[in-house]
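predicted model follows, preceded by the sequence.
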Amino acid sequence: MSDVRVSIDDLRVVLAKSDVDVVDEISLTVSAGEVVGLVGESGSGKTTVALALLGHARRGLAVADGTVDLEGSDVLQMSAAELQHLRGRRVAYVPQDPSSALNPSLKVGYQLREALKAHENDGLEVPDIAERMEQVLGEVHLAASKEILDSYPHQLSGGQQQRIALAMAFSCRPELIVLDEPTTGLDVATQRHVLDTVRGLCSSYGVAAVYVTHDLAVIAEIADRVAVMYAGRIIELGSTVAVFESPAHPYTDGLLKAIPSPEISHCLVGMEGTPPSPGRRPPGCAFEPRCPHAIAACAEAPPKMVPVNGADHAARCIRAREIIRTSMGVDELARSAECQERASGEPMMVVEGLDGFYADKQILFDVGFSVPETSCVAVVGESGSGKTTLARCLTGMHGHWTGEVSFAGRSIKQLARDRDLEVLRAMQYIFQNPYTSLNPRKTVGQLVEQPLAHFFKLSARERTDRVVATLEAAALSGDFLDRYPDQLSGGERQRVAIARALVVEPKLLVCDEVTSALDVSVQAAVVELLRRLQRERGLSLLFITHNLALVRSIAQEVIVLHEGRVVERGPTDTVLSHPVDDYTIRLLEDVPKLTALTASPVAPSPALLP
Amino acid sequence: MSSAIKQARRSNGGARPQAKLRRHEWLAVLRAAARSRRGMIGLGIAGFVVGVAVIGPFVAPYPATEFVTSAFAPPSKDAWLGGDILGRDVLSRTLEGGWLLLIISAAATALGVAFGALAGITAAYYKGWRDGLIMRVVDIILAFPAIVFALLLVSVAGPKLWLVVVAVAATHAPQVARVMRAAALDICEKDFVKASEIIRMPPRKIIRRDILPNLVTPLMVETGLRMTWSIVIIAGLSFIGFGLQPPAPNWGLMLNENRIGLVSNPWSVVVPALLIALLTVGLNTFTDAVARVSIGVERPVGEEPFLEERLIGRTLDSADV
């Protein structure tokens, strides 16, 4: 795989007006048949780099310097007409959200044909378009039936849409394919399909691929090499195995510690702080303010890439060679101490025979489980499994349900407005998205004080004291009192939401996908916070998630929900290590795992070869 | 550690100053709008007319009802803008004829916007039969052209000052209700409203604390627009003789009284007409600036990073997740 297909050299993309760098010093090569993972958290600049490969800069951004050399021609120097020939034909792009990338008013067959026809004048010779369409659809495991070709995008599922987008991208047999988080928003089973398809196609056609994602586990499954981005720079570059087994940059090390795994139970370690935004980057190493290994020299000048363990693996850290020895790779993580304690007491909440409806449609069927005092029960399911409906029924937001739910020994009413204040206080709900659950016009102090004033009669002074104490318990200082939500990062917002629930001293917290809107490093910190609170305050948690990997790190018991029914329940270890139900087994197999590295890469199936 | 690094450290968590400004977001928006180019122009024009109306009565050379010259006398040294239909000084009447018009317009606007916003938000929050009832009443009022509706009220009860205010407010309320309902519907679905609902927070508190503060910007824009409408309607009512009554001067009335003398002394019509036009154009321009500043399209002059920071935030948030 030494046949270099594309090489990015010293790419710099800036804000068009102020020349502030968004990404800088990006150098990267991708060989034919190789998948390079570009990984980073939100705002790291990974999408900016990916789009530069297509000769595109988003509005407000401009390419200031550097070259993107694709087989001898510089993409960044091309005219609009040349780019038109380039895109789709030589460099293809698979967007994050296929439902917005496909034209909703055109049939997918038409759109697929269009992709091929558009390049007829560019020397693309496809003798039989119908045959090629059938072939590419077969490659993404879709039948080229009239049924599929004649349907509009909205008539297909998310996974099917993404496979159409993939087929379109591969249809012109491009030299390079750029995949921008193509599996975000897909269920694990669909994600598994898409990953296998991409891997197979890249190796059978020798296509170079750049795979952009924030999910390290996905990278572990698909990429040959990985480039980790932070604050607009590549901070570590190397073969996936080398980077994951012995991370040399403290940020990579931190990210790996923050990822939950379905196979091993380990304490998640979050990283404090947030990445600096463009224009606010410190003069030295961008990671220095958050770095546990920082020394005075780190803050003085931006570090250069330092090779570690041979030419193949490099990190942008002056202490890389020391750190690589102290950091823990996936192997060590597996051996890390079991930090999950067992707890079970009297049931705090008992749910029996709950049937939930939307209009005439039944969503939940005979759901039953109990949440013991001071323990955490996880409800796991894919989208459409009814897990959010369950949360909304239990918290009284949705009233159309039957069955028996008792809380602290008393039966509770359907709707929140019919329930006792005492019940409402003792059971608190934390919303999925901290960007919408906090009133943007209130300060943190006001937000947390609001429920306190509602449930308790306290003087202003007592209220302030309790608000500050609760903020501190949620790992926020009293300094936050006067800040507004838009001055906070996602993780800080979610902590405020947790503090708002906590301030009224509840017995049960219902957490609905509380980490799904957050980056992994922040997710880890929030999960650790919830665990600590559970332990220290004797809280019960009902933790609703689609992320099976997280369950190990937080829950003592797990309930697997599938199409509105409980298909499996039991202690976390038992369910995740020895699943009984077919659905659970499949779900577990499909979850991307860091340990996939040790397994051999997916071989291209013979059917895919031309 | 050098101070530059400390600085960077402090600021690297994101934009954190300006907490004081944000407490009254609407004030901040107004201030920013006033410093944008469009806002400056609008405020300048409207400010000039308001200045004329406010200072005018104190600097008018003659009492407004005194006969100074002959009917429709052309401008002279004694009467700079000539005489009106009865030979009164046009300049003095113009200078005195603004303040009442402005006060009444403001009162009508305030009343109309307050009622309309209340109705719109109530409809949006409660939904169901309250929504249906309120919006159908709104539809009925909207079926009448605004000026016809105001005329109807005034002609039934006679041209009393308070009635003019109520009539004009009543023509505004339904329009405001519609706009506010649409804006509030969006806010009512937000999770932070649900968070208050599931702890049985009383609806009135939810509306006051959670919903209203998030509607301040559309409310300001709407108020500005309605104000220009008020002026036009009240001047119009005066023109056809239903608004403010003679002999007290006002710009709308002056148009009506003096239009037959348009040829002999055009100033007697052009000046009040121009002032009304300038006021509405100025107010509209400023309102436009407020709306643009609040969505980040316009920014205060000399504040480059303002827009750019929002732009970074937007592109990175929306596409680089």
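All right, it came through fine. Numbering: from 1, shown residues only, chains lettered A, B, ... in the order given.

please enumerate residues in contact with stretch B:277-295?
Residues from elsewhere that reach stretch B:277-295 (CB atoms under 8 Å, 6 or more residues apart in numbering or on different chains): B:29-30, B:32-34, B:36, B:38-39, B:41-50, B:217, B:220-221, B:224-225, B:227-228, B:231-232, B:298-300. Quick note: C-beta positions are derived from backbone N, CA and C, even for glycine.

how about the residue most central in space within chain B, what does it touch?
Taking CA atoms, centre = their mean as the criterion, B:Gly224 is the residue nearest the geometric centre of chain B, at 2.3 Å. Neighbouring residues of B:Gly224 by CB under 8 Å, 6+ apart: B:Leu283, B:Asn284, B:Phe286, B:Thr287, B:Val290.

buried residues, whichever strand or helix holds it. List them.
Applying DSSP states H and E as the criterion places B:Gly224 in helix B:216-239. When burial is assessed from 16 or more other CB atoms under 10 Å in any protein chain shown, helix B:216-239 yields the following buried residues: B:216-239.

only whichever of the contacts of stretch B:277-295 are buried, select them in ChimeraX.
The following ChimeraX line selects those of those that are buried, judged by 16+ other CB under 10 Å:
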select /B:29,30,32,33,34,36,38,39,42,43,45,46,49,50,217,220,221,224,225,227,228,231,232,298,299,300
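
circling back: export the helix holding B:Gly224 as CSV, just CAs?
What follows is the C-alpha trace of helix B:216-239 in CSV, where atoms were taken according to Å, rounded to 0.1, in the frame of the first residue of the first chain:
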residue,chain,number,x,y,z
VAL,B,216,-38.4,39.9,23.7
THR,B,217,-36.7,40.3,20.3
PRO,B,218,-39.8,39.6,18.1
LEU,B,219,-41.8,41.7,20.5
MET,B,220,-39.5,44.6,20.0
VAL,B,221,-39.5,44.3,16.2
GLU,B,222,-43.3,44.0,16.3
THR,B,223,-43.6,47.1,18.5
GLY,B,224,-41.5,49.2,16.1
LEU,B,225,-43.6,48.1,13.1
ARG,B,226,-46.9,48.7,15.0
MET,B,227,-45.7,52.1,16.0
THR,B,228,-45.3,53.2,12.4
TRP,B,229,-48.7,51.8,11.7
SER,B,230,-50.2,53.7,14.6
ILE,B,231,-48.9,57.0,13.3
VAL,B,232,-50.2,56.3,9.8
ILE,B,233,-53.6,55.3,11.1
ILE,B,234,-54.0,58.1,13.6
ALA,B,235,-52.8,60.7,11.0
GLY,B,236,-55.2,59.1,8.6
LEU,B,237,-58.1,59.2,11.0
SER,B,238,-57.4,62.9,11.6
PHE,B,239,-57.2,63.5,7.9
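
which elements pack onto the next helix or strand after it?
Taking DSSP H and E as the definition, the helix or strand that follows helix B:216-239 towards the C-terminus is helix B:251-258. For helix B:251-258, the helices and strands in contact under the criterion 3 or more CB pairs under 8 Å, 6 or more residues apart in numbering or on different chains; DSSP states H and E are helix B:90-96, helix B:216-239, helix B:267-295.

can you mark which positions in the last one are buried?
The one in question is helix B:267-295. Buried residues in helix B:267-295, counted by 16+ other CB under 10 Å: B:267-269, B:271-273, B:275-276, B:279-294.

again, but for stretch A:13-33
Burial within stretch A:13-33, assessed by neighbour count using 16+ other CB under 10 Å, is assigned to A:13-16, A:20-26, A:28-33.

one step back: show me the contacts of stretch B:277-295 that map onto strands.
In strands, defined here by DSSP state E, there are no members of these.

need the residues of the stretch 51-200 of chain B near chain A, please.
Of all the residues in the stretch 51-200 of chain B, those in contact range of chain A (CB under 8 Å from any CB of the partner chain) are B:Lys190, B:Asp191, B:Phe192, B:Lys194, B:Ala195, B:Ser196, B:Glu197, B:Ile198, B:Ile199, B:Arg200.

next, count neighbours for residue 53.
By default, I'm working from chain A. Using other CB atoms under 10 Å in any protein chain shown, A:Leu53 has 25 other residues around it.

that was the other one, I meant chain B.
If you count neighbours by other CB under 10 Å, B:Ala53 ends up with 22.

ok, A:Tyr211 next?
A count of neighbours around A:Tyr211, defined by other CB under 10 Å, yields 27.

what do you get for A:Gly345?
If we define neighbours as other CB under 10 Å, then A:Gly345 has 11 of them.

can you confirm it is in a helix?
No. Checked against DSSP: H, G, I helix; E, B strand; the rest coil, A:Gly345 lies outside a helix; its state is coil.

hmm, A:Lys507 and it touching each other?
No. Using CB atoms under 8 Å, A:Gly345 makes no contact with A:Lys507, being 11.3 Å away.

so what sits against both of these two?
Here A:Gly345 and A:Lys507 share the contacting residues A:Glu373, scored by CB under 8 Å, 6+ apart.

excluding chain neighbours, give the residue nearest to B:Gly39 in space.
Computed as CB to CB, 6 or more residues apart in numbering or on different chains, the closest residue to B:Gly39 that is not its neighbour in sequence is B:Ala289, at 3.4 Å.

A:Val467 too?
Take A:Val467 and drop its neighbours on the chain: the residue closest to it by CB to CB, 6+ apart is A:Val448, 4.7 Å away.

which ones are touching the one you found?
Residues counted as contacts of A:Val448 (CB under 8 Å, 6+ apart) are A:Val467, A:Thr470, A:Leu471, A:Val496, A:Ala499, A:Arg500, A:Val503.

quick one: what helix or strand has it in it?
Judged by DSSP H and E, A:Val448 forms part of helix A:444-455.

and what of A:Ala499?
Applying DSSP H and E as the criterion places A:Ala499 in helix A:490-502.

in the stretch 251-400 of chain A, which spans are helices?
Counting by DSSP state H, counting those that start in this stretch, residue ranges of the helices within the stretch 251-400 of chain A are A:320-326, A:330-335, A:387-394.

and those helices, which one's lowest on average pLDDT?
Ranked by mean pLDDT, these bottom out at helix A:330-335, which scores a mean of 51.

name the SS class of A:Leu11, please.
strand.

excluding its backbone neighbours, what's nearest it?
Among residues not flanking A:Leu11 along the chain, A:Gly66 sits closest, at 3.6 Å (CB to CB, 6+ apart).

what does stretch A:565-572 contact?
Outside stretch A:565-572, the residues within contact range by CB under 8 Å, 6+ apart are A:265, A:340, A:364-369, A:378, A:551-552, A:555-561, A:575, A:579-581, A:583-584.

now a PyMOL select for only the buried ones of these.
Buried residues among the contacts of stretch A:565-572 (16+ other CB under 10 Å), as a PyMOL selection:
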select buried, chain A and resi 265+340+364+367+369+378+551+552+555+556+557+558+559+560+561+575+579+583+584
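
for chain A, name the helix or strand with the lowest mean pLDDT.
The element with the least model confidence among the helices and strands of chain A, by mean pLDDT, DSSP states H and E, is helix A:330-335, at a mean of 51.
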